[in-house]
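Student: Any chance you can model this:
(chains A and B)
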Amino acid sequence: MNILIANVRNLESPELKVLAGELSKKHTVTVCSLEGPSRQKGNAFSYSGFPIKFKQISNYVVNGEKIAAYKFQGTPADMISVMLGNIMRHRKPHLVICGISNGISLGTDVFCSSNIGMAMQAAFSNVPSISVGVPMQIGGHSEAELLPAAQFIAKNVEKFAKAKLPTDTFLNITIPAVKKYDDFQGVGISSMDNLTKMTRYLEKVDCKGNKYYWAQLVERDTSAKTKASPTAGMTYFKKNYIIMAPLTYNCTDMASLAEMQKEMAK
Amino acid sequence: MKILLTNEAGCFHPGIVALAKELCKDHRVCIVAPLTKQVGAGHSLTVDQRPLHAQQWFVLDSVKMWSVDGTPCDCVALALDKLLLDKPDLIISGIDYANNHGNMIYTSGVVSAAVEGAIQGIKSLALSAAIANEKKERCYRRVAKFVRRKLTYLATKIPDYGVLNVNFPEKVKPRLVMPAPLTDGILDNEYEIEVNPFGSTFAWMKNPLREFGLDAYDQKGDLYWLKQGYITLTPLKLDLLKGEALETLQKAGIKL
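Tutor: Predicted structure coming up:
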């Protein structure tokens, strides 16, 4: 299978290396990454006026073999768009894997997550895509810590590509941090949890007396507002279950729309 | 009503100024908008790269105005957490000078700012108008007048924990209003590769307007009705889970 792995950290990050290492044993892998970290970029896009700079890396070696690698300057969605719209235009990948990201996207985090933004961009181009995340650890995870997650993806990669999900759908896979593969308890399919991150600010004053604000992400339970029943997703995730959620980019609120249309018809 | 205005085109853009001038006649309005143009900012937030700065301007009478050196979503989050003394009853994002329909809502800073407002629990509206000449104040005034007249109606149509995305066609006819779903179209961006004199490679987008394929017009979604000259209202929800796909996924047999 022809697989594209996209990452927002950099080409040498263990998240990318370990996943490429596992997948390239059986499949043709192309990797791409942004230069430097690019957190919370969502679906940001560089429209005309700004070209996107990229470079092909000729000596990127995984498992002792050279694989095609590209590094980009731009937004995560730009990178996927250029990869699918130009570089891989005539040999479209069977699956785009975004990750492994150092941090998971729950609830409404999916709107600002760079990893989800990339998976959604691939879905816009009608290419099956998955977004993979492990709980955040400051400074990142080591290759050994990420190996079980990469092994799970490598084992099921063909099933992800052939899952026949609707064209407007992509998968968000949340993997718990475990020491070895046997520590995983199972795989669950669950809705997005209502636990989400809110942006709050830390106010400070510089030497000239001007205020400035550092963003910080605070976890909040929004189940009261969404009126949704609490899902079992997070409970199982804490018991070392891998949680998968099929997400769509078509976010029309059909119930409200039908109500409005009925009213309009009157 | 206490109303917070934001946009992606910058705090001095005629779209937001026209809206503020019109709405301040009957409401308490304040503007917190990006200092510079943020086209295609989507839902990006400035988190770990640098801190944000906010500056207050005294341009319009009876309208408080701040500029933030960040994205539209930064503006909404910072306004709600630090800049505003009390929470607004409504957030209005816009008026944007191009329509945000179909999949384009995700790359649009205007719709994303409204989504950020909804995430924080405030009723939010996103307004975008197809305005050929971006600088024409007259066109924005016409849209702003419509919004002021219909504000109560529009506010009641915002779904709980969601956003109402309103698009205006080139010629606004207040009677032609249509609730419509988002148009689903496959985006096929093409790029042209260029090598600069220093040997670096760049990709230029060939079709920056991201026009959808012809079949997108057959769906009777927002794009179709806009082309027919209607003002479209699209309620958006924040839960992206695809319920219909749960069973398909179960059948895929993904296991340890």
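Student: partners of A:Val96 in the sheet?
Tutor: A:Leu4, A:Ser129 (DSSP bridges).
Student: wait, is B:Ala114 part of a strand?
Tutor: No - counting by DSSP: H, G, I helix; E, B strand; the rest coil, B:Ala114 falls outside a strand, being helix.
Student: all helices of the stretch 101-250 of chain A, in order?
Tutor: Per DSSP state H, counting those that start in this stretch, the stretch 101-250 of chain A carries helices over the ranges A:114-124, A:143-161, A:223-226, A:233-238.
Student: Switch those over to a markdown table, and while doing so, append mean pLDDT to every line.
Tutor: As requested, those are exported to a markdown table (pLDDT from 0 to 100):
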| stretch | mean pLDDT |
| --- | --- |
| helix A:114-124 | 94 |
| helix A:143-161 | 94 |
| helix A:223-226 | 56 |
| helix A:233-238 | 81 |
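Student: Mind checking what helix or strand follows the strand or helix carrying B:Val32 in sequence?
Tutor: Using DSSP states H and E, B:Val32 sits in strand B:28-34. Counting by DSSP H and E, the element after strand B:28-34 in chain order, helix or strand, is strand B:54-57.
Student: What lies in contact with the next helix or strand after that following strand?
Tutor: Next helix or strand after strand B:54-57 toward the C-terminus (DSSP H and E): strand B:64-68. With CB atoms under 8 Å, 6 or more residues apart in numbering or on different chains as the test, strand B:64-68 has contacts from B:10-11, B:20, B:29-35, B:52-59, B:74-75, B:78-79, B:83. (Each C-beta comes from the backbone N, C-alpha and C, glycine too.)
Student: centre of the chain versus strand B:64-68, how much separation?
Tutor: Averaged C-alpha coordinates place strand B:64-68 at 18 Å from its chain's average position (CA atoms, centre = their mean, to the nearest Å).
Student: In PDB, could you pull the C-alpha coordinates for that strand?
Tutor: Taking Å, rounded to 0.1, in the frame of the first residue of the first chain, the C-alpha atoms of strand B:64-68 are listed here in PDB:
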ATOM      1  CA  LYS B  64     -15.000  50.200  22.500                       C
ATOM      2  CA  MET B  65     -12.300  48.800  20.200                       C
ATOM      3  CA  TRP B  66      -9.300  46.600  20.700                       C
ATOM      4  CA  SER B  67      -6.900  45.200  18.300                       C
ATOM      5  CA  VAL B  68      -5.000  42.000  19.000                       C
END
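Student: For it, buried residues please.
Tutor: Buried residues in strand B:64-68, counted by 16 or more other CB atoms under 10 Å in any protein chain shown: B:64-68.
Student: what element comes up after it heading to the C-terminus?
Tutor: Following strand B:64-68 toward the C-terminus (DSSP H and E): helix B:72-78.
Student: So what does B:Cys24 look like in phi/psi?
Tutor: Dihedral angles of B:Cys24 (phi, psi; degrees, to the nearest 10) stand at phi -70, psi -10.
Student: one step back: which ones, among the contacts of strand B:64-68, also lie beside chain A?
Tutor: B:52-54, B:74, B:78 (CB under 8 Å from any CB of the partner chain).
Student: so A:Ala6, which of the three states?
Tutor: Secondary structure of A:Ala6, per three-state DSSP, is strand.
Student: I'd guessed it sits against A:Ile116; true?
Tutor: No - the criterion here is CB atoms under 8 Å, and A:Ala6 misses it with A:Ile116 at 11.9 Å.
Student: what's the overlap in contacts for these two?
Tutor: What both A:Ala6 and A:Ile116 touch, as defined by CB under 8 Å, 6+ apart, is the set A:Cys98.
Student: Run me through the strand neighbours of the strand holding B:Val32, direction for each.
Tutor: By DSSP bridges, strand B:28-34 pairs with strand B:2-6 (parallel), strand B:64-68 (parallel).
Student: Stretch A:251-266: which residues count as buried?
Tutor: A:251-253, A:256-257, A:260.
Student: Next step: those residues restricted to strands.
Tutor: Taking DSSP state E, every one of these sits outside strands.
Student: circling back to that earlier point, name the member of the ones next to chain A among the contacts of strand B:64-68 that has the highest neighbour count.
Tutor: Highest neighbour count within these, by other CB atoms under 10 Å in any protein chain shown: B:Asp74, with 28 neighbours.
Student: Can you tell me how far that residue is from B:Asp81?
Tutor: 11 Å (CB to CB, to the nearest Å).
Student: And for A:Ser142?
Tutor: For A:Ser142 relative to B:Asp81 (CB to CB), the value is 35 Å.
Student: the more surrounded of these two?
Tutor: Neighbour count, other CB under 10 Å: between A:Ser142 and B:Asp81, B:Asp81 has more, with 19 against 11.
Student: just to revisit the earlier point, going through the contacts of strand B:64-68, which ones are buried?
Tutor: Buried among the contacts of strand B:64-68 by 16+ other CB under 10 Å: B:10-11, B:20, B:29-35, B:52-54, B:74-75, B:78-79, B:83.
Student: Quick one: mean pLDDT for the strand holding B:Val32?
Tutor: What strand B:28-34 shows for mean pLDDT is 96.
Student: Can you list the neighbours in contact with it?
Tutor: B:1-8, B:10-11, B:13, B:16, B:20, B:23, B:41, B:54, B:60, B:62-72, B:74-76, B:78-79, B:83-84, B:88, B:109.
Student: what's the spacing between that strand and its chain's center?
Tutor: Worked out by CA atoms, centre = their mean, strand B:28-34 lies 15 Å from the chain centre.
Student: Put the alpha carbons of it into PDB.
Tutor: Extracted as PDB, the C-alpha positions of strand B:28-34 are listed here (Å, rounded to 0.1, in the frame of the first residue of the first chain):
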ATOM      1  CA  ARG B  28     -23.800  48.000  23.500                       C
ATOM      2  CA  VAL B  29     -21.100  47.100  21.000                       C
ATOM      3  CA  CYS B  30     -17.400  46.500  21.400                       C
ATOM      4  CA  ILE B  31     -14.900  45.300  18.800                       C
ATOM      5  CA  VAL B  32     -12.000  43.000  19.500                       C
ATOM      6  CA  ALA B  33     -10.400  42.100  16.100                       C
ATOM      7  CA  PRO B  34      -7.100  41.200  14.600                       C
END
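Student: ok, and B:Ile91, which helix or strand is that part of?
Tutor: strand B:90-96.
Student: Sheet partners, orientation included, of that strand?
Tutor: When DSSP bridges is applied, strand B:90-96 pairs with strand B:2-6 (parallel), strand B:123-129 (parallel).
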